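Novice: Here's my sequence, what's the structure:
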Amino acid sequence: MVKFLNDENGDTQWVLVLPPWSENFHWQSEIEQTKIAWSHFFDLESLRRHVPVIELTDWIKFFIGNVCHPNNNTVSTHIASSLCTRM
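Specialist: Residues are numbered from 1 along each chain as shown. Model (predicted):
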C-alpha cells in the first residue's frame, strides 16, 4: 500500500510505521513478549529496498526531537501536544 501511494503521488512521501509486536497466544513462551521490535523478526534494510519503513519507537524519537522541540512552534494539533506531554 505504501509503495502504491508513493508511486501514485510524487508530492507526498509515505512511510510505513511498524508498531511493536505484543503477546501472541500461540507463542506460549516464558520469554517477555511485549513491545518486540519488528527488527527482531525481519530484516528492515531489505524491506527498505522496496518501501520506506521505520519502527514506531524510532518514529517517536524523531517526532519528539523535531516536532515537540520547545523552539518549534509549527505544530499545534491536539495529537502532537498529547504525544509530547505523555513522553
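Novice: where are the low-confidence patches of the chain?
Specialist: 23-33, 66-87 (pLDDT under 70).
Novice: Past the helix or strand hosting residue 45, which element shows up next along the chain?
Specialist: Taking DSSP states H and E as the criterion, residue 45 maps to helix 44-48. The helix or strand immediately downstream of helix 44-48 is strand 53-55, counting by DSSP H and E.
Novice: Packing partners of that following strand?
Specialist: strand 16-18, helix 44-48 (3 or more C-beta pairs under 8 Å, 6 or more residues apart in numbering; DSSP states H and E). C-betas here are computed from N, CA, C, even on glycine.
Novice: again, only this time at 6 Å
Specialist: strand 16-18 (3 or more C-beta pairs under 6 Å, 6 or more residues apart in numbering; DSSP states H and E).
Novice: If you count contacts, what does the strand it packs on end up packed against?
Specialist: strand 53-55.
Novice: For the strand it packs on, which strands pair with it and how are they oriented?
Specialist: strand 16-18 (parallel) (DSSP bridges).
Novice: Can you mark which positions in the partner strand are buried?
Specialist: 16, 18 (16 or more other C-beta atoms under 10 Å).
Novice: Go through the helix or strand where residue 58 lies and flag the buried ones.
Specialist: Assigned by DSSP H and E, residue 58 belongs to helix 56-66. Going by neighbour count (16+ other C-beta under 10 Å), the buried part of helix 56-66 is residue 63.
Novice: before we move on, back to that, CA atoms only for the helix holding residue 45, dumped as PDB, please.
Specialist: Output of helix 44-48 as PDB, limited to C-alpha atoms (Å, rounded to 0.1, in the frame of the first residue of the first chain):
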ATOM      1  CA  LEU A  44      14.300  -3.900   7.900                       C
ATOM      2  CA  GLU A  45      17.100  -3.000   5.500                       C
ATOM      3  CA  SER A  46      15.700  -5.500   3.000                       C
ATOM      4  CA  LEU A  47      12.200  -4.000   3.500                       C
ATOM      5  CA  ARG A  48      13.500  -0.500   2.900                       C
END
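Novice: what comes into contact with that helix?
Specialist: residue 53 (C-beta atoms under 6 Å, 6 or more residues apart in numbering).
Novice: Please repeat the previous calculation with a cut-off of 10 Å.
Specialist: Under the criterion C-beta atoms under 10 Å, 6 or more residues apart in numbering, residues 15, 16, 18, 37, 38, 39, 53, 54, 55, 58 lie in contact with helix 44-48.
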